[in-house]
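*Asks:* I'll drop the sequence and a predicted model, then ask my questions.
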Amino acid sequence: MKKKLEFTGSDTEGGITSGYQMNDGIKLKVPYSFFGSIYDEQEEEALKAVLKQEAQTMGPQVAMFQTEFAEMFEVKNAFATTSCTTAMHVATQVFGIKEGDEVIVTPNTFIATSLVILKEGAKPVYADIDPRTFNIDPNKIEDKITSKTKAIYVVHYAGQMCDMDPIMAIAKKHNLYVMEDCAHAHGAKYKGRPAGSIGDIGCFSFHSLKNMTTLGEGGMITTNNDKFSDMINRMRVMSITHWAPEDTKFEFGGIKMEKKELDYWIPSHFNVIEDSGKWGNNYRMNEAQAVVGRTQLRKLDMMIDKRRENSHYINDGIKGIKGITPVYEDPNCYVSFHLYTLCIEEEELGASRDEFLRVLYQEEGIQGIQHYQPTYHLTGVKEKYDYPDKLCPNAEKFFYARETNLPMNPQLTRENLDDIIAGIKNAAEKVRK
């Protein structure tokens, strides 16, 4: 209990986005894994086949992945990208978000959700979270709306979807766009509707930590709105489009040209346009990622079943421990358990969250990780807009005093789960004494 816990950093260049190794001598029974999926010979065989293709980026595998993803998630359109961050950046550009605009967003999320707003010169406006689901609270949204508000960005934290019906009603009332950050929500549903199918645009992550992955990174944009499709295509591929001259004879650079049906090179192989002041970037997914994504899609239901089984086993195992709150499941939601978020209630436990975690980690060998620090407390964000403290009390108490995320992935064994449950029980008993 006297040992001071110091962060020594990760062994990987990606830091916290790639792992959480501490190198502090603690012997762990269940470390926090940064691989949240299952790979086997199916991915190996699929990758071998792709290596024989001529196209290695944005080819047939990407096209099929998009079609299959759209079908599974019950949307009209799906567009592969390099990450969820780039997917959300495209969405922000498509919405026309610009300098001086405001976007209402949850503070309980990775920096990426706010970063794409900041990149377009707009201001993130933070609405507090529900203390049970840890998602943005619909009752906190409307008071944040001003004449500058252009959109609401929701995050389905931990694989439990937000209360979407009232959020969509507020958006319709005030003529606002809604983006679903679905980075945690593969396999999640709200009243039977899949994540990414309710808002104007949904954005998914295939980072190695997520419920399915495409070789460590990757993303997908979903939408039922056809008017967004052309611009999404351009924004993820450097604003590129095709030349389509209306006349058969025309002039470029002083050179007279004639468009003939078989002259595919006239006037050029591609054109680049500006979309309402927005320019695209190279956010293309490659073929190897896409073929792995297609394989992972076929496993997704199985992997979500394992996450749900594991999480319910932990819930049952720790039920009734005073001061320890298992995961709450909204009856409107089918939760996909990207994270298992345990809450420690200091008043009931008789010890602080941090005291509990020190014992859980150092003595019981169970590694949890804490996220997300309220985004407006991050130095760059706070300095830009000088957000006040206590802006979102529920979010602040959640991060600084209540939560930890236990190891959760489909590869956990029954022994791992039993160790987690025993560790929680033992740690609670020890800190109470």
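*Replies:* Great, that's in hand. Numbers count the residues shown, from 1 in each chain.

*Asks:* quick one, helices of the stretch 51-200 of the chain?
*Replies:* Remark: helices assigned in the stretch 51-200 of the chain by DSSP state H, counting those that start in this stretch are 60-72, 84-94, 112-119, 164-174.

*Asks:* Which one of those lies nearest to F35?
*Replies:* Smallest distance to F35 across these (CB to CB): 17.0 Å, for helix 84-94. Just so you know, the C-beta spots here come from the backbone N, C-alpha and C atoms, and that holds for glycine as well.

*Asks:* That closest one - what's its average pLDDT?
*Replies:* Here helix 84-94 scores 98 as its mean pLDDT.

*Asks:* Run through who's touching it.
*Replies:* Contacts to helix 84-94, defined as CB atoms under 8 Å, 6 or more residues apart in numbering, come from residues 79, 81, 103, 112-113, 115-117, 119-120, 122, 153, 179, 181-183, 201, 203-207, 219-221, 228, 231-232, 235-236, 275, 278, 280-281, 283.

*Asks:* Now, the residues you listed that are in strands?
*Replies:* 79, 81, 103, 153, 179, 181, 201, 203-205, 219-221 (DSSP state E).

*Asks:* still on that earlier bit, what would the helices of the stretch 51-200 of the chain look like in a markdown table with distance to M302 and mean neighbour count?
*Replies:* Output for those, formatted as a markdown table (distance: least, CB to CB, whole Å; neighbours: other CB atoms under 10 Å):
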| stretch | distance to M302 | mean neighbour count |
| --- | --- | --- |
| helix 60-72 | 13 | 18 |
| helix 84-94 | 23 | 27 |
| helix 112-119 | 28 | 22 |
| helix 164-174 | 26 | 16 |
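
*Asks:* Show me the one of those helices that comes nearest R414.
*Replies:* Of these, the one closest to R414 (CB to CB) turns out to be helix 60-72, at 29.3 Å.

*Asks:* Pull stretch 190-199 out as CSV, backbone CA atoms only.
*Replies:* Provided in CSV are the C-alpha atoms of stretch 190-199 (Å, rounded to 0.1, in the frame of the first residue of the first chain):
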residue,chain,number,x,y,z
TYR,A,190,-30.7,0.8,-29.6
LYS,A,191,-34.4,-0.4,-29.7
GLY,A,192,-33.3,-2.9,-32.3
ARG,A,193,-31.5,-0.4,-34.5
PRO,A,194,-27.7,-0.9,-35.1
ALA,A,195,-25.2,1.8,-34.1
GLY,A,196,-24.4,4.1,-37.0
SER,A,197,-27.9,3.8,-38.6
ILE,A,198,-29.8,6.5,-36.6
GLY,A,199,-27.8,9.7,-36.9
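
*Asks:* nearest to K27, of the ones in strands among the contacts of helix 84-94?
*Replies:* S205 (31.7 Å).

*Asks:* residue ranges with poor pLDDT in the stretch 251-400 of the chain?
*Replies:* Filtered on pLDDT under 70, the stretch 251-400 of the chain yields the residue ranges 261-262.

*Asks:* What ranges does it have for its strands?
*Replies:* For the stretch 251-400 of the chain, the strands defined by DSSP state E, counting those that start in this stretch occupy 255-258, 271-272, 324-325, 333-334, 340-344.

*Asks:* Which one, of those strands, ends up nearest to A422?
*Replies:* When those are compared by CB to CB, strand 324-325 sits nearest A422, at 13.1 Å.

*Asks:* can you pull the contacts of the residue lying closest to F252 once chain neighbours are set aside?
*Replies:* With CB to CB, 6 or more residues apart in numbering as the measure, P267 is the residue that lies nearest to F252, at 5.1 Å, once sequence neighbours are left out. P267 is in contact with 243, 245, 250, 252, 257, 259, counting by CB under 8 Å, 6+ apart.
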